[in-house]
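J.: sequence unknown, structure follows:
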């Protein structure tokens with residue numbers, strides 16, 4: 001069995017504060033092992049659980065995909081790359097039509 005991580009060690013691996021780690025744990029986002037014997041849990045974290053959390057949260061944001069309006073040219077939300085391409089084609093067709 002691998003060594004369990006203290007909250008400070010787990011927070012350091014994730015580059016977050018122990019307060020934020022506690023909030024993620026309380027929200028059920030990160031599993032912990034209760035090694036305490038009293039009413040208050042003494043939390044320890046398995047390295048595998050930390051790695052799983054990172055893998056679940058890993059995302060790749062495409063630079064052409066936006067979830068908010070960025071200029072007057074894009075008043076609507078663009079939520080996928082296909083939507084962005086379709087919107088670009090519509091704008092080009094509208095521009096050609098004006099010419």
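T.: Perfect, thanks for sending it. Since we're looking at a predicted model, the values are computed, not measured.
J.: show me where pLDDT drops low in the chain?
T.: 1, 60-79, 99 (pLDDT under 70).
J.: Can you give the domain ranges for it?
T.: According to automatic domain parsing, the chain comprises the domains 7-57, 60-99.
J.: Going by neighbour count, which residues in the longest helix belonging to the chain are buried?
T.: Secondary structure assigned by DSSP state H gives helix 81-98 as the longest helix of the chain. Within helix 81-98, the residues that count as buried by 16 or more other Cβ atoms under 10 Å are residue 84. In short, each C-beta sits where N, CA and C put it, glycine included.
J.: quick one, helices of the protein?
T.: Assigned by DSSP H, the chain shows helices spanning 7-14, 18-26, 47-57, 81-98.
J.: Which among those is found nearest to residue 41?
T.: With Cβ to Cβ as the criterion, residue 41 lies closest to helix 18-26 of the helices of the chain, at 9.3 Å.
J.: Mean neighbour count, the domains of the chain: which tops it?
T.: Greatest average neighbour count among those goes to domain 7-57 (a mean of 14), per mean count of other Cβ atoms under 10 Å.
J.: and the end-to-end length of it?
T.: End-to-end distance for domain 7-57, by Cα to Cα, to the nearest Å: 19 Å.
J.: quick one on the thing from earlier: what would the helices of the chain look like in JSON lines with distance to residue 41?
T.: Listed next are the helices of the chain as JSON lines, based on distance: least, Cβ to Cβ, whole Å:
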{"stretch": "helix 7-14", "distance to residue 41": "11"}
{"stretch": "helix 18-26", "distance to residue 41": "9"}
{"stretch": "helix 47-57", "distance to residue 41": "15"}
{"stretch": "helix 81-98", "distance to residue 41": "44"}
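J.: out of those, which comes closest to residue 36?
T.: Residue 36 sits nearest to helix 7-14 of all these, at 12.3 Å, using Cβ to Cβ.
J.: which helices and strands does that closest one pack with?
T.: helix 18-26, helix 47-57 (3 or more Cβ pairs under 8 Å, 6 or more residues apart in numbering; DSSP states H and E).
J.: Reformat the ones you listed into JSON lines and put distance to residue 90 next to each item.
T.: Formatted as JSON lines, the helices and strands packed on helix 7-14 follow (distance: least, Cβ to Cβ, whole Å):
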{"stretch": "helix 18-26", "distance to residue 90": "41"}
{"stretch": "helix 47-57", "distance to residue 90": "34"}
